[in-house]
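[1] what follows is a predicted protein model with its sequence.
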Amino acid sequence: MTREVEMKDRTTPSNSVSSAIPSTLQHLKEIASLVETGSYSKEVRRIARAVRLTIALRKKLTTPVIASFLDHALGQGSEAHIRIFVYLPKDDEHDMEVDTATSANLAPVKHLLPELEIYCYLLVLLFLIDQKRYNEAKACSSASIARLKTLNRRTIDVLASRLYFYYSYSYELTGDLAEIRGNLLALHRIATLRHDELSQETLLNLLLRNYLHYNLYDQAEKLRSKAPRFEAHSNQQFCRYLFYLGKIRTIQLEYTDAKESLLQAARKAPVAARGFRIQCNKWAIIVRLLLGEIPERTVFMQKGMENALRPYFELTNAVRIGDLELFKSVAEKFANTFNTDRTHNLIVRLRHNVIRTGLRNISISYSQISLADVATKLRLDSSNPVADAESIVAKAIRDGAIDATIDRAKGCMVSKESGDIYSTNEPQIAFNSRIAFCLNMHNEAVRALRFPPNTHKEKESAEKRRERQQQEQELAKHIAEEDDDDF
Amino acid sequence: MSSAVVASLLAMHSGGKKYLPALQSSQQAEQKQQLWKVTTMDPKFAEASQLFGRFNAALTRNDFDSCTNLLSQLKVMLTEFKSLPPLFEKTPNTTHELTLAREVYEHAVILSVKMEDQDAFERDFCQLKPYYTDACDRIPPSPQEYPILGLNLLRLLVQNRIAEFHTELELLSPSALENPCIKHAVELEQSFMEGAYNRVLSARQTVPHQSFVYFMDLLAKTVRDEIAGCSEKAYDYLSISDARQMLLFSSDEQLMEYIKEEHPDWEVKTGMVFFQKAKETAHSKEIPSLQLINQTLSYARELERIV
């Protein structure tokens, strides 16, 4: 529902111009060498970069390119090569042979790096998903996961977390998410034992997604509250986590927390992830309505979201006016949308808010109004509208939604004069929370600053060099003195 | 699937208000037992189903002591079947065993309602739930599923566990929400949230299943407390007769007793009930100096860090 959009946008061009093949292959080889150096120097950053570069190459991948790359990277006839090669679709065998003939000779027999093998799995898996061969993708991802379980190297973590993601994604595409739940839980446990935080983060999100896919909010919350938390490593994963957290909290009626999570998720999400942001916004709108807030018009007019948010806009309108009839008709008109968004139950909850808003409007406009009039204005259709209105008003008063009293003898609602807000501490509290927000924002911004990794290192090495030179000089002097002594 | 259960479901649909006899007459239980004997030769299974027959008979007689006895024996026996959750192993008798186990737990839930034991209800329901969620592709759906799910929703409502109520609700499909048993509970929750309490009370007349009555009675008590809470905020005073009517008491004495027990701060004089309002504390006469100093200091500290 969310990040798939990003993937669907990418169409796989079938016109593989012959000149494109070598260049793509060249790119892939460069990436492979990046993985290799990353593995030897134990620099996770390089491998992360390799994954990023691969995603950029996705559109250009074709069977022959991957085939010849596999030959190059794994060495033809090696065990890993046989394992991975079976998952490649065999549609244009002819092309492949031509390529392998050249590269097979070049490929030196060397000790195979596990990183490279896992990277090949990832590449093939990406390709299969792009080609919509979901069943093959499932088989391939399962095999890669089985292989991953036997490896325990920190340099693989980045690749592993991506593989987990596509593993779950390929199962989601075929609608078999429930099948892999046990496996994901086992993987999460392994990742936790190995202190592989990136994979933990990814797997936790996948599990939450898995549970929420089947509306298992209870299990999701139990897992979430018990899973270890740490500072987020990847912004994307953190966004997803916030979104799932927001959903869980909404269902469990913790609207204030839910709103915070959902809005934060929507803000943090990259601009390209439109589908994800739309989902976040939809939920955030409903939560705000449930809280009794009315989202501003600009929320609905965000670029590229107008159409998707249209039903929610009309819904907001109905709640804002406090018109039960209009609310009902909107809910019926867009029932399909709300059902596919799985927000239907939340919208049922909103009915109560519509009545509240309507009541508040009445209370503001009239200093005294009969309960019968309240019932007609709220359009309560029941057998005994006046009695209903009376208890509804009474509850609204108790909950603090309106400031009024009911005069039972006259059968009317009497609104109280609203006091001067500036005679209370209220403004000071509001002011304080705003200041705290700004200061917090500044602190977080400072914390998020990143410094290029090398400047720090170079400085250190320069210092070291100076130190070394100094030591050498001293030593030279010492030797010279000794020499002098000798003479 | 037992014919008696179907019959009770039919009666539920047609009558609604009619009192339903207990699920099974002993004669029918015997028939079912024989049917099972034909289909299986497994002695353990035969024993369990025989025991279940006796349990059913006891349930029909409302003999709760022997019911609880038999039930705990049955539960122990069920642990020996490997086809049941959480193992879900494939055995030749899987369908029969699952169906039997499900019926055992369904009846356990019904028993707990009859015995008015909410804790037992929760326990039994938790044991039953996997049969509805995880085993639904192995055995045909039970006709008792929706009444029991509805009962559970009602229980959560009575215990004021609204968050769990909504979590359970999310698990139901749109078609399930249309089921009268579920709809009843959902509508109750809505009226309850809105404050339309008389709608909640009148819903007692339209219960879709006889076992709902127990929880509806409990709900009535909750509603009374809610009304009392709302009234003391919404009214300055009420006449005694009005108050009695609103709080659903049949006599003034009951009302007086209730006030004495639950709301001793209410004042009764000259035929009126006066509610002592908590004086508003909105107006601040004092400046909260300590708090302000603390805040200002923290601003200064933060600003220093920025500059």
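    Received, thanks. Numbers count the residues shown, from 1 in each chain, chains lettered A, B, ... in the order given.

[2] just want the residue of chain A that's nearest chain B.
    Per C-beta to the nearest C-beta, the residue of chain A with the smallest distance to chain B is A:K395, at 2.9 Å. In short, each C-beta sits where N, CA and C put it, glycine included.

[3] please parse the chain into its domains.
    Picked chain A for this. A:1-175, A:366-424 (automatic domain parsing).

[4] oops, wrong one, chain B.
    Annotated domains of chain B cover B:3-233, B:235-278 [automatic domain parsing].

[5] just name the most buried of these.
    Each of the domains of chain B was scored by mean neighbour count; the highest is domain B:3-233, a mean of 18, by mean count of other C-beta atoms under 10 Å in any protein chain shown.

[6] now do the residue of chain A closest to chain B, the pLDDT please.
    For A:K395, the pLDDT comes out at 89.

[7] does A:N361 really touch A:G322, like I thought?
    Yes - using C-beta atoms under 8 Å, A:N361 is in contact with A:G322, at 5.4 Å.

[8] among the two, which residue is more densely surrounded?
    Neighbour count, other C-beta atoms under 10 Å in any protein chain shown: between A:N361 and A:G322, A:G322 has more, with 21 against 17.

[9] pull the contacting residues for the nearest residue to that one once chain neighbours are set aside.
    Excluding its sequence neighbours, the residue lying closest to A:G322 (C-beta to C-beta, 6 or more residues apart in numbering or on different chains) is A:G358, at 2.9 Å. Each residue near A:G358 by C-beta atoms under 8 Å, 6 or more residues apart in numbering or on different chains is listed here: A:I321, A:G322, A:D323, A:L324, A:K377, A:L378.

[10] buried ones among those residues?
    Neighbour-count burial within those applies to A:G322, A:D323, A:L324, A:K377, A:L378; the criterion is 16 or more other C-beta atoms under 10 Å in any protein chain shown.

[11] any stretches of the chain with poor pLDDT?
    If you meant another chain, say so; for now it's chain A. A:1-22, A:90-111, A:418-419, A:452-463, A:478-487 (pLDDT under 70).

[12] my question was about chain B
    Along chain B, segments meeting pLDDT under 70 span B:1-41, B:276-285.

[13] find the closest residue to chain A in it.
    B:G195 (2.9 Å).

[14] excluding its backbone neighbours, what's nearest A:T357?
    The shortest distance from A:T357 to any non-neighbouring residue, by C-beta to C-beta, 6+ apart, is to A:G322 (3.8 Å).

[15] wait, doesn't B:E170 sit right on A:T250?
    No - the criterion here is C-beta under 8 Å, and B:E170 misses it with A:T250 at 10.2 Å.

[16] next, the buried residues of stretch A:247-256.
    Buried, per 16+ other C-beta under 10 Å, within stretch A:247-256: A:K247, A:I248, A:R249, A:T250, A:I251, A:Q252, A:E254, A:Y255.

[17] so what's the fourth one closest to, chain neighbours aside?
    Okay, so that is A:T250. Ranked by C-beta to C-beta, 6+ apart and with sequence neighbours excluded, the top spatial neighbour of A:T250 is A:A258, at 4.3 Å.

[18] now do B:Y132
    B:E145 (5.7 Å).

[19] can you tell me the SS state at residue 215?
    Answering for chain A, as no chain was given. coil (DSSP: H, G, I helix; E, B strand; the rest coil).

[20] how about B:Y131?
    Here B:Y131 is helix, with the state taken from three-state DSSP.

[21] pretty sure it is touching B:E103, no?
    No - assessed by C-beta under 8 Å, B:Y131 is found out of contact with B:E103, at 9.4 Å.

[22] show me which residues of the stretch 151-300 of chain B sit near chain A.
    Proximity of the stretch 151-300 of chain B to chain A, by C-beta under 8 Å from any C-beta of the partner chain, involves residues B:162-164, B:166-167, B:169-171, B:174, B:186, B:190, B:193-199, B:202, B:226-227, B:229-231, B:233-236, B:238-239, B:242, B:282-284, B:288, B:292, B:295, B:299.

[23] just the ones of the residues you listed in helices?
    Using DSSP state H, the subset of those located in helices is B:162-164, B:166-167, B:169-170, B:174, B:186, B:190, B:193-194, B:197-199, B:202, B:226-227, B:229-231, B:233-234, B:242, B:292, B:295, B:299.

[24] returning to what we had before: can you list phi and psi of the residue of chain B closest to chain A for me?
    As for B:G195, its main-chain torsions (degrees, to the nearest 10) stand at phi 100, psi 10.

[25] contact partners for A:P270?
    A:P270 touches A:N235, A:Q236, counting by C-beta under 8 Å, 6+ apart.

[26] could you measure from it over to A:D341?
    As judged by C-beta to C-beta, to the nearest Å, A:P270 and A:D341 stand 22 Å apart.

[27] from what I can see A:S170 touches A:S141, true?
    Yes - counting by C-beta under 8 Å, A:S170 touches A:S141, with 5.3 Å between them.

[28] mutual contacts of the two, please.
    When contacts are counted by C-beta under 8 Å, 6+ apart, A:S170 and A:S141 have A:L125 as shared neighbours.

[29] what about those two, which has more around it?
    Taking other C-beta under 10 Å, A:S170 and A:S141 do not tie; A:S141 has more neighbours (27 against 24).

[30] element containing that one, please.
    helix A:134-149 (DSSP states H and E).

[31] thinking again about what came up before, between the domains of chain A, which gets nearest to B:E304?
    B:E304 lies closest to domain A:366-424 among those, at 30.6 Å (C-beta to C-beta).

[32] ramachandran coordinates for the closest residue to A:I364 other than its chain neighbours?
    By the measure of C-beta to C-beta, 6+ apart, the closest residue to A:I364 outside its immediate chain neighbours is A:S415, 7.5 Å from it. A:S415 adopts backbone torsions of phi -80, psi 150, taken as degrees, to the nearest 10.

[33] got a list of what A:S415 touches?
    Listed by C-beta under 8 Å, 6+ apart, the contact set of A:S415 reads A:S363, A:I364, A:Y366, A:S367, A:Q368, A:I402, A:D403, A:A404.

[34] the residue nearest to A:T250 reaches A:V287, doesn't it?
    Yes - contact criterion C-beta under 8 Å: A:A258 and A:V287 qualify, at 5.0 Å.

[35] touching both of the two, which residues are there?
    Among the neighbours of A:A258, those also in contact with A:V287 (C-beta under 8 Å, 6+ apart) are A:G246, A:T250.

[36] measure stretch A:417-424 end to end?
    End-to-end distance of stretch A:417-424: 15 Å, with C-alpha to C-alpha, to the nearest Å as the criterion.

[37] in chain B, which spans are strands?
    B:237-239, B:267-269, B:272-274 (DSSP state E).

[38] any common contacting residues for B:Y131 and B:E103?
    Shared contacts of B:Y131 and B:E103, counting by C-beta under 8 Å, 6+ apart, come down to B:S142.
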